[in-house]
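> need a structure here:
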Amino acid sequence: MKRVALSWSSGKDSAWSLHLLRQNPDIEVMALVTTLNQQFDRVAMHAVRRELLERQAESIGLPLWTVPLPWPCSNEEYEARMRDLCTRAVNQGVQAMAFGDLFLTDIRAYREQQLAGTGLEPLFPVWQIPTGQLAAEMIASGLHAKITCVDPRVLPREFAGRDFDSRFLADLPPGIDPCGENGEFHSFVYDGPGFREPLAVSVGEVVERDGFVFADLCLAEPAKH
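Just a heads-up that it's a prediction; the model follows:
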């Protein structure tokens, strides 16, 4: 079996990548890899609290490998920390790194370039699945996610905190990718295929920061210890 680490944003594309990888009998997913903003202790860009991320990994049943990033973070520093992560992965027997990229060829080329020479094979399990079809499949499968971040230049701030469901898709303005692949929105999955139990989450404060609108998700029940 090919041992794989999955780049994990906590959002729907990562979750669907995991779902597809787990259906392949020749692949064993070993760990989830997440970059965290050190200053805020949250998932980079998605702004999800560490506590929620850890509960998510617990429900999925996989080890969580976090990569702390300073804020702000230069590209050189990011790449150095990811090289360290790749070394760790190889040392633990991982053979490939999977990503939830959908159709942005420059991002895919960057991933491939960064993994060249590391001993890790890049995998793209959801690559070029039509995003309208993909979004509908996710929702039909029972995947549940909340929108944690929107780009207010293309989406009204009211979309932050909403559920990723058929009504959300119907309300998207023309030209917005149904999966938000151009950065229009980001999400946090709280239930779906592969989850042992759903996470009870509530939407807290909605704030605008660094040109984006973030919905702060919180656990709606006491954390398990």
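
> the longest strand along the chain - what's its average pLDDT?
Using DSSP state E, we find that the single longest strand of the chain is strand 27-37. What strand 27-37 shows for mean pLDDT is 94.

> quick one: strands adjacent to it?
Here strand 27-37 has these sheet partners by DSSP bridges: strand 2-7 (parallel), strand 42-43 (antiparallel), strand 64-69 (parallel).

> next, count neighbours for Gln95.
18 (other CB atoms under 10 Å). The C-beta positions use only the backbone N, C-alpha and C, and glycine is treated the same way.

> was I right to think Ser7 contacts Leu21?
No. If you go by CB atoms under 8 Å, Ser7 and Leu21 don't touch, sitting 11.6 Å apart.

> contacting residues around the least confident helix or strand in the chain by mean pLDDT?
Here the helix or strand of the chain ranked lowest by mean pLDDT, DSSP states H and E is strand 42-43, holding a mean of 86. For strand 42-43, contacts defined as CB atoms under 8 Å, 6 or more residues apart in numbering pick out Ser9, Ser10, Thr34, Thr35, Leu36, Asn37, Val48, Arg49, Arg50, Leu53.

> 6 Å instead, please
Residues from elsewhere that reach strand 42-43 (CB atoms under 6 Å, 6 or more residues apart in numbering): Ser10, Thr34, Val48, Arg49, Leu53.

> return the distance of it from the chain's centre.
Computed by CA atoms, centre = their mean, to the nearest Å, the chain-centroid distance of strand 42-43 equals 11 Å.

> right, and the helix or strand after the helix ranked longest in the chain?
As assigned by DSSP state H, the longest helix anywhere in the chain is helix 75-91. Once helix 75-91 ends, the next helix or strand along the chain (criterion: DSSP states H and E) is strand 96-98.

> residues in contact with that next one?
With CB under 6 Å, 6+ apart as the test, strand 96-98 has contacts from Lys2, Val4, Ala5, Leu6, Ser17, Leu120, Glu121, Leu123, Pro125.

> any chance of those in JSON lines, plus neighbour count?
Formatted as JSON lines, the contacts of strand 96-98 follow (neighbours: other CB atoms under 10 Å):
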{"residue": "Lys2", "neighbour count": "16"}
{"residue": "Val4", "neighbour count": "24"}
{"residue": "Ala5", "neighbour count": "26"}
{"residue": "Leu6", "neighbour count": "27"}
{"residue": "Ser17", "neighbour count": "26"}
{"residue": "Leu120", "neighbour count": "21"}
{"residue": "Glu121", "neighbour count": "14"}
{"residue": "Leu123", "neighbour count": "22"}
{"residue": "Pro125", "neighbour count": "22"}
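
> ok, which stretches of the chain are strands?
2-7, 27-37, 42-43, 64-69, 96-98, 121-123, 144-150, 185-191, 201-209, 212-219.

> closest one to Ala109 among the ones you listed?
Of all those, strand 121-123 sits nearest to Ala109, with 10.1 Å by CB to CB.

> show me what that closest one is packed up against.
Using 3 or more CB pairs under 6 Å, 6 or more residues apart in numbering; DSSP states H and E, the elements in contact with strand 121-123 are strand 96-98, helix 105-115.

> buried ones in the shortest one?
If you call a residue buried by 16 or more other CB atoms under 10 Å, then strand 96-98 has these buried ones: Ala96, Met97, Ala98.

> what lines up beside that strand in the sheet?
Its sheet considered, strand 96-98 pairs with strand 2-7 (parallel), strand 121-123 (parallel) by DSSP bridges.
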